[in-house]
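**Q** need a structure here:
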Amino acid sequence: MTFPVLPNGPFHDRLRAISPRLFWLGLLLTLLGIAAIAFPEFGTLAATLLTGWTLLIAGVLVFISSFWIHGTGPFFAANLFGLLSGAAGVFLLFNPMAGAVTLTLIVGIMFMFQGASELVFALETRPAKGWGGMLVSGIASIVLAIIIVSGWPGISAIALGILLGINFLTTGIAYIAVSRSLKG
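**A** This next block holds a predicted model:
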């Protein structure tokens, strides 16, 4: 059985050009997914702490940059956003398991959007080889989103690590499949 080739066009030409990068991204995501599934508590803790540091750093940067903004309204809005982001980061860093409960819900919502975008990506690359892998990944992301939201907050301690691992694993495999299909 022969598979149709990827159609021509600017989008598809760019995909062919970055095929090796898609492969390495897929491999990295696959390895991270396996690690997160094998050590779900660590995956949950790592995600919470990374988010905490990101919010803290972003909050500090936004707070400092708010003093460069002219106008009372924009200044106070940026100032408040910086303070709230920084406070949320500090909360996550000092209360990682409590923060994991909130992050679990946020990740559920994020998986829903990721799944929808992967479904669109799969349908855009169809009928080329590898499009089915992206379709499966999109469906898996949506199913994971439903699992997270329906089991929240009780599943937060280890489920976040497991679900992130599964998501990384399926996304990694899908990127590898798409990159391999672009070789031919």
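**Q** make it CA atoms for all contacts and neighbour counts henceforth
**A** Will do.
**Q** so which elements touch whichever strand or helix holds residue 162?
**A** Take DSSP states H and E as the rule and residue 162 turns out to sit in helix 156-181. Contacts defined by 3 or more C-alpha pairs under 8 Å, 6 or more residues apart in numbering; DSSP states H and E place helix 156-181 against helix 19-38, helix 40-65, helix 96-125, helix 131-151.
**Q** what about those, which gets the closest to residue 8?
**A** Within these, the stretch nearest residue 8 is helix 96-125; the backing value is 10.6 Å (C-alpha to C-alpha).
**Q** just the buried residues of the closest one, please?
**A** Neighbour counts over helix 96-125 (16 or more other C-alpha atoms under 10 Å) mark 96-97, 99-101, 103-105, 107-109, 111-116, 118-119, 122, 125 as buried.
**Q** report the residue spans of the protein with pLDDT below the cut-off.
**A** For the chain, applying pLDDT under 70 flags the ranges 1-7, 184.
**Q** at 50 what do you get?
**A** Across the chain, residues meeting the criterion (pLDDT under 50) sit at 1-3.
**Q** what sits against the closest residue in space to residue 54 that isn't next to it in sequence?
**A** Take residue 54 and drop its neighbours on the chain: the residue closest to it by C-alpha to C-alpha, 6 or more residues apart in numbering is residue 89, 7.0 Å away. Neighbour list for residue 89: 51, 52, 53, 54, 55, 56, 57, 59 [criterion: C-alpha atoms under 8 Å, 6 or more residues apart in numbering].
**Q** pretty sure the third one is touching residue 94, no?
**A** No: between residue 53 and residue 94 no contact is recorded; they are 10.7 Å apart, counting by C-alpha atoms under 8 Å.
**Q** the more surrounded of these two?
**A** The neighbour comparison of residue 53 against residue 94 (other C-alpha atoms under 10 Å) goes to residue 53, with 17 against 12.
**Q** tell me how far residue 49 lies from residue 117.
**A** Remark: distance between residue 49 and residue 117 (C-alpha to C-alpha, to the nearest Å) = 27 Å.
**Q** cool, residue 26 as well?
**A** 17 Å.
**Q** residue 165 now?
**A** The value you get for residue 165 to residue 117, if C-alpha to C-alpha is used, is 19 Å.
**Q** same check on residue 75?
**A** In this view, residue 75 and residue 117 are 34 Å apart by C-alpha to C-alpha.
**Q** re earlier: dump the contacts of residue 89 to JSON lines, plus distance to residue 180.
**A** Output for the contacts of residue 89, formatted as JSON lines (distance: C-alpha to C-alpha, whole Å):
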{"residue": "51", "distance to residue 180": "32"}
{"residue": "52", "distance to residue 180": "36"}
{"residue": "53", "distance to residue 180": "36"}
{"residue": "54", "distance to residue 180": "34"}
{"residue": "55", "distance to residue 180": "36"}
{"residue": "56", "distance to residue 180": "39"}
{"residue": "57", "distance to residue 180": "38"}
{"residue": "59", "distance to residue 180": "40"}
